[in-house]
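Q: No sequence on hand, only this structure:
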């Protein structure tokens with residue numbers, strides 16, 4: 001009797017970014033039985049034989065290393081941004097099933113997955129619009145809100161010289177921050193609209209929809225701080241994503257470089273409380289003025305310490 005083939009396993013790890021998502025996809029791809037893409041990079045654009053988007057993985061700065069193609073000229077930078085827009089539109093045009101079909105056409109493996117191509121809200125939206133025929137295993141990869149803000153801020157400071165729009169103030173976000181601008185000016189004598197200040201509040205504003213991730217009920221949450229430091233917790237996540245169909249070898253774990261993945265551009269790991277204390281008073285004022293109480297409480301419920309984040313700093 002012919003043996004019925006075992007169906008493939010599919011997973012999606014949603015993430016708002018700056019949560020070791022590329023590290024996770026890179027490590028999962030160490031297995032010959034897994035094909036895991038990171039972000040919305042099109043499968044068709046992968047170099048032959050590759051299973052992930054290009055990245056300056058061991059270098060500080062902008063991940064998904066296409067930014068290295070930018071030379072500061074208006075034409076070059078505009079062409080790069082156009083390419084990124086086209087890739088995003090191609091990704092958005094696919095249903096989840098169609099996306100996995102593009103992966104299956106490129107590699108034959110047991111498990112197909114994506115990390116950080118979706119935030120929790122875009123994943124829910126896509127599922128509602130076109131319910132997938134495959135059973136999708138999913139989790140959300142989160143990070144302490146202070147550490148994520150710090151990481152995004154460092155990233156934008158490092159890349160503003162290439163990605164010029166990253167540091168630009170958009171009128172809509174400035175208008176949204178107007179009450180805080182007036183309050184910070186009165187209290188600290190700091191104008192957050194100034195070019196040398198605006199990148200910090202602009203970073204927070206761009207993260208606001210991602211900060212709601214912990215408040216979504218019945219959506220499994222995985223703390224990036226845990227899986228990058230604890231091999232047992234990583235093994236548990238690995239088993240969840242692969243449905244236990246793939247062996248996690250000690251060689252893969254040894255290659256993972258646990259312990260510092262969330263602080264790879266810093267000389268030593270720092271705690272969220274340390275990062276928060278190191279911010280200038282006006283930065284703490286802006287941060288706490290933008291983040292809703294219910295969101296911070298939700299992060300507390302999934303195990304993050306948010307007790308040091310005051311409302312009158």
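A: Perfect, I can see it now. Here the structure is a predicted model, which is why all the values come from computation and not from measurement.

Q: List the buried residues for stretch 117-132?
A: Neighbour counts over stretch 117-132 (16 or more other CB atoms under 10 Å) mark 117-120, 123, 126-127, 132 as buried. Glycine gets a C-beta too; all of them are placed from N, C-alpha and C.

Q: now, the most widely separated pair of the residues you listed?
A: Maximum pairwise distance in the buried residues of stretch 117-132, criterion CB to CB, is 17.1 Å, between 119 and 132.

Q: re earlier: among the buried residues of stretch 117-132, which lie within helices?
A: Among the buried residues of stretch 117-132, the members falling in helices (DSSP state H) are 120, 123, 126-127.

Q: List just the nearest of these to residue 291.
A: For those, the nearest to residue 291 is residue 120 (17.4 Å; CB to CB).

Q: OK, contacts around that closest one?
A: 14, 140, 213, 216, 219 (CB atoms under 8 Å, 6 or more residues apart in numbering).

Q: tell me the contacts of the third one?
A: For residue 213, the residues meeting the contact criterion (CB under 8 Å, 6+ apart) are 14, 16, 119-120, 140, 142, 219, 221.

Q: if we go to 7 Å?
A: Listed by CB atoms under 7 Å, 6 or more residues apart in numbering, the contact set of residue 213 reads 16, 120, 140, 142.

Q: can you check the last one too?
A: Contacts for residue 219 were tallied using CB under 7 Å, 6+ apart; they are 120, 140.

Q: SS state for it?
A: Here residue 219 takes the coil state, with states given by DSSP: H, G, I helix; E, B strand; the rest coil.

Q: go on, the first one?
A: In terms of secondary structure, residue 14 is strand; the call rests on three-state DSSP.

Q: re the thing from before, and which of the contacts of residue 213 is nearest to residue 241?
A: Proximity of the contacts of residue 213 to residue 241 (CB to CB) peaks at residue 140, which lies at 12.6 Å.

Q: Can you name the next helix or strand after the one helix or strand that closest one maps to?
A: For residue 140, the host element (DSSP states H and E) is strand 136-142. Downstream of strand 136-142, the first helix or strand assigned by DSSP H and E is helix 145-159.

Q: next structured bit after that next one?
A: helix 171-176.

Q: picking that back up, considering the ones in helices among the buried residues of stretch 117-132, which is situated nearest to residue 105?
A: Of all those, residue 126 has the smallest distance to residue 105: 19.8 Å, by CB to CB.

Q: The closest one against residue 94, yeah?
A: No - Residue 126 is not in contact with residue 94 according to CB atoms under 7 Å; the separation is 9.0 Å.

Q: what's the spacing between residue 304 and residue 296?
A: Per CB to CB, to the nearest Å, residue 304 is found 9 Å from residue 296.

Q: wait, I meant residue 97
A: Taking CB to CB, one finds residue 97 at 37 Å from residue 296.

Q: got it, and residue 80?
A: Taking CB to CB, one finds residue 80 at 36 Å from residue 296.

Q: what's the spacing between residue 34 and residue 103?
A: For residue 34, the distance to residue 103 - CB to CB - is 11 Å.

Q: Give me the more crowded residue out of these two.
A: residue 34 (24 against 20; other CB atoms under 10 Å).

Q: Now that one: closest residue in space that isn't a chain neighbour?
A: residue 111 (4.6 Å; CB to CB, 6 or more residues apart in numbering).

Q: That neighbour is in contact with residue 32, isn't it?
A: No - at 10.6 Å, residue 111 does not count as touching residue 32 under the criterion of CB under 7 Å.

Q: And those two? Which one has more around it.
A: More neighbours surround residue 111 than the other of residue 111 and residue 32, with 20 against 11 (other CB under 10 Å).

Q: Local confidence estimate at the more buried one?
A: Note for residue 111: predicted pLDDT of 98.
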